[in-house]
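>>> pasted the sequence and its predicted model underneath.
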Amino acid sequence: MGDDDDFNPFLGRQGGAGRPRSFVGQVIVAGGLQTGRRNGVSASRTGSGRGARTRRFDGSRIGRGAVAGRLLASRRAGDPLRARRVVVKTSLTRLSGKGLGAARAHLSYIQRDGVTREGDPGDLYSARGDRVDGREFLERSCPDRHQFRFIVSAEDGDRYEDLKPLVRRLMAQVERDLETDLDWVAVDHFNTGHPHTHIVVRGVDDRGRNLVIAPEYLKHGIRARAVEVVTRDLGVRLDSEIEARLRHEVTQERLTPLDRGLIARMGADRIVAPSARKPEIAALEAGRLQTLERMELAAPSGAGSWQLAEGIEQTLREMGERGDIIRTMQRALGAARLDRAEVCIHGPDLEVAPNLAHGREGGAVIGPLVGRVVARGLADEHRDRHYLVLDGVDGRSHYFDIGRGDAVAALPAGAIVRASRRELEIRAVDRTVAGVAAASGGRYSAHLHLTHDPATGTAFAETHVRRLEALRRAGVPLTREDDGTWHIRPDHLAHVEAHEIAQLRQRPMTIDVLATGPLVALSRADAATWLDRELVEGGQSPIRDAGFGHELRGALRDRRDWLLTRDLAVREKDGVRLRPGALETLRRRELIRIGGELGVELAKPFVEARNGDRVEGKLTRRIDAISGPYAVLEKSHEFTLVPWRPVLEKQMGQQAGGIMRAAGISWQFGRGRQGPEIGF
């Protein structure tokens with residue numbers, strides 16, 4: 001062994017400075033020293049030794065792509081005005097619980113009709129093929145904890161004949177940045193002004209482990225890579241393109257890059273002047289300021305400066321959103337060949353009173369409005385918020401933000417619905433729980449409830465326990481002991497209010513389907529129709545003699561005549577009155593007719609269930625009748641039809657039973673049906 005190969009260990013005391021640092025420790029120290037030098041501060045001055053931190057930990061560098069995301073966020077490749085602009089929206093969706101069903105619905109929706117240039121359904125594709133089976137992708141995704149969703153929209157995307165090569169090159173670069181292969185599918189959409197692509201990525205890496213992508217890469221990296229790919233394909237933007245785009249933005253009624261530049265330079269007094277660095281930009285900014293002045297969002301302050309209005313950025317954003325909504329309505333009404341001069345836009349409008357938990361009400365409430373469905377679509381594909389366009393009985397067209405896609409069931413084209421704003425309220429069950437807990441040392445149980453209010457029944461107290469279970473699953477802070485006692489916090493109602501606000505944002509509207517068939521068919525139907533209920537109740541919406549309101553007036557007139565000829569109504573001085581029991585007679589006629597037709601199909605006799613009868617059997621299907629939906633309750637030798645309720649959707653294929661009552665059925669589910677009752 002030569003001298004160069006001699007090894008002489010030097011042992012220091014345990015825990016002393018002589019102990020060699022681990023490799024990770026050396027990297028941390030080196031990173032701290034390098035950060036200190038970049039900031040012009042020595043390591044000794046920042047204290048970047050053992051236990052010192054030079055940067056507050058925020059989790060943005062955890063996960064794959066942290067280094068690439070940080071580099072891409074910090075560098076400026078060339079003139080940003082010349083780079084092609086690309087918008088990338090990212091989201092992470094958990095697949096546990098209802099997430100897989102939502103993932104299935106999302107995959108189905110992005111492949112819907114009308115998204116291609118030819119108006120056909122979209123086709124899923126991947127890195128390896130132009131056609132991918134979405135069911136196989138979902139089967140592979142079943143064990144995944146989460147998935148990533150991206151929407152990639154290039155400003156000049158209409159210059160691509162096919163977006164697939166662009167997306168594949170982008171995802172290949174993402175795989176290199178993340179140092180793992182990705183399992184992804186995508187669909188290209190050409191149904192908007194800007195072609196864009198929806199990409200769904202499984203939340204696992206090439207070894208089947210959970211894929212964690214650094215927030216910095218999700219926020220900056222993917223968009224920067226997309227800009228690189230598009231700029232490489234189409235070349236940098238020419239001076240003429242840049243000037244044309246900026247000139248177009250001078251008169252826009254929305255937030256533009258010119259506005260962002262002005263807002264970034266304005267002082268505390270909101271005074272700003274056109275840029276002095278580039279004359280061509282200064283001229284465009286001066287024109288934009290004059291446009292803002294006409295919009296009453298800016299005012300001259302002398303010496304070539306303007307004072308911008310307070311809240312100008314939010315105002316311009318809202319104006320842009322309103323303009324997008326109006327264009328969406330114009331497309332929908334044009335496709336339906338409707339011409340409505342009057343339009344109404346109903347946004348979320350969820351400004352809530354801060355102390356509703358103490359009994360005060362808040363939030364804007366829209367009275368029930370009846371109309372015919374013109375169109376339904378995505379208002380925000382990134383957040384999965386949907387809109388609904390109705391041709392109202394008041395002769396106007398209405399746009400509603402109806403919340404998440406799964407908040408409102410699918411609506412048939414031309415369906416007649418009643419739309420109403422949901423009110424924010426703290427339920428009586430929540431107030432009761434808080435009251436019992438306040439009187440019981442912050443605890444609640446069915447026993448304590450009965451002690452507090454002896455008149456309360458056990459079944460009623462159990463409904464409060466189920467409510468607490470539901471709130472706990474939703475994330476409301478609640479703890480339950482082994483003996484069934486719940487610990488209720490003093491601010492329980494405040495947490496419940498926050499939960500209800502979140503639910504209201506997800507589902508701001510209630511949409512009730514009144515009829516799925518045309519008005520002409522309803523006016524002659526031998527069944528209890530929505531028109532009959534309108535004649536009895538008088539309706540809650542004013543019917544204007546224009547548009548759909550004009551059609552509804554004619555249908556009501558025809559329905560009155562039909563009822564009179566069949567002796568189901570009588571004419572009086574102030575109009576037409578239905579005979580007692582007419583609606584029940586019509587409902588039973590349809591029920592017996594449907595039961596007879598279904599009996600031939602099932603080869604079983606139909607048994608009509610009357611008030612007080614016990615019904616039981618297997619829930620096999622839903623029947624949509626004119627009088628309303630029914631559930632088929634099937635036994636081995638017979639079947640019956642019972643009123644449908646949404647809760648039955650999750651019980652399909654199970655045994656169920658209950659007692660028919662005038663107010664509804666108290667259901668029990670399962671083969672033994674020993675579980676809690678659900679009454680209607």
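Received the coordinates, thanks. None of the values given here were measured: they were computed from a predicted structure.

>>> how much space separates residue 205 from residue 493?
Note on residue 205: its distance to residue 493, by Cβ to Cβ, to the nearest Å, is 44 Å. Glycine gets a C-beta too; all of them are placed from N, C-alpha and C.

>>> could you do residue 533 as well?
37 Å.

>>> quick one, which of those two is more surrounded?
Neighbour tally, residue 533 and residue 493, criterion other Cβ atoms under 10 Å: the higher count belongs to residue 493, 19 against 14.

>>> any idea how far the host helix or strand of residue 403 is from the middle of the chain?
Assessed by DSSP states H and E, residue 403 sits inside strand 397-404. Relative to the mean C-alpha coordinate of its chain, strand 397-404 is positioned 12 Å out (Cα atoms, centre = their mean, to the nearest Å).

>>> what sits up against it?
With contact meaning Cβ atoms under 8 Å, 6 or more residues apart in numbering, strand 397-404 is reached by 325, 328-329, 333, 338, 340, 342-348, 369, 371, 374, 376, 379, 383-392, 408, 419, 505-509, 511.

>>> now do the buried residues in that strand.
397, 398, 399, 400, 401, 402, 403 (16 or more other Cβ atoms under 10 Å).

>>> how about CSV for these, with pLDDT and distance to residue 308 added?
Listed next are these as CSV, based on pLDDT from 0 to 100; distance: Cβ to Cβ, whole Å:
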residue, pLDDT, distance to residue 308
397, 90, 34
398, 91, 34
399, 92, 30
400, 91, 33
401, 90, 29
402, 90, 35
403, 88, 33
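
>>> pull the most distant pair out of the residues you listed.
Distance extremes for these: the farthest pair is 397 and 403 at 20.0 Å, using Cβ to Cβ.

>>> could you tell me which strands sit next to the strand holding residue 403 in the sheet, and their orientation?
strand 343-346 (parallel), strand 385-392 (antiparallel) (DSSP bridges).

>>> what is the helix or strand just after the first one packed up against?
Sequence-wise, the next helix or strand downstream of strand 343-346 (DSSP H and E) is strand 369-380. With contacts defined as 3 or more Cβ pairs under 8 Å, 6 or more residues apart in numbering; DSSP states H and E, strand 369-380 has these neighbours: helix 312-335, strand 385-392, strand 397-404, strand 416-421.

>>> follow-up on the earlier one: please identify the most buried of the strands paired with strand 397-404.
strand 385-392 (a mean of 24; mean count of other Cβ atoms under 10 Å).

>>> where does pLDDT dip in the stretch 201-350 of the chain?
Residues of the stretch 201-350 of the chain that meet the criterion pLDDT under 70 lie in 341, 348-350.

>>> hmm, 80 instead?
The model of the stretch 201-350 of the chain has pLDDT under 80 over residues 239, 242-243, 276-280, 339-341, 347-350.

>>> what does the stretch 501-650 of the chain give?
Flagging of the stretch 501-650 of the chain using pLDDT under 80 yields the residue ranges 537-542, 574, 646-647, 650.

>>> any idea how far residue 325 is from the residue nearest the centre of the chain?
By Cα atoms, centre = their mean, the chain has its centre lying nearest to residue 404, at 2.8 Å. Here residue 404 is placed at a distance of 18 Å from residue 325 (Cβ to Cβ).

>>> what does residue 665 give?
On the measure of Cβ to Cβ, residue 665 and residue 325 end up 42 Å apart.

>>> ok, now residue 110?
Relative to residue 325, residue 110 is positioned 21 Å away (Cβ to Cβ).

>>> what's the answer for residue 603, then?
Relative to residue 325, residue 603 is positioned 52 Å away (Cβ to Cβ).

>>> just give me the neighbour total for the closest residue to residue 591 other than its chain neighbours.
Closest residue in space to residue 591, ignoring its immediate chain neighbours: residue 641 at 6.0 Å, by Cβ to Cβ, 6 or more residues apart in numbering. Residue 641: 22 surrounding residues under other Cβ under 10 Å.

>>> from start to finish, how long is stretch 602-613 in a straight line?
Start and end residues of stretch 602-613 are separated by 22 Å (Cα to Cα, to the nearest Å).

>>> repeat that for stretch 439-459.
21 Å.

>>> picking that back up, gap between the residue nearest to the centre of the chain and residue 302?
According to Cβ to Cβ, residue 404 stands 50 Å off from residue 302.

>>> what's the closest residue to residue 377 other than its chain neighbours in contact with, if anything?
Spatial nearest neighbour of residue 377, chain neighbours left out: residue 387 (6.0 Å); criterion: Cβ to Cβ, 6+ apart. If you count contacts by Cβ under 8 Å, 6+ apart, residue 387 has them with 325, 328, 376, 377, 378, 379, 399, 400, 401, 402.

>>> let me know the closest of those to residue 179.
After measuring the contacts of residue 387 against residue 179 - Cβ to Cβ - the closest member comes out as residue 378, at 33.7 Å.

>>> quick revisit: hey, what's the residue nearest to the centre of the chain bridged with?
For residue 404, the beta-bridge partners under DSSP bridges are residue 385.
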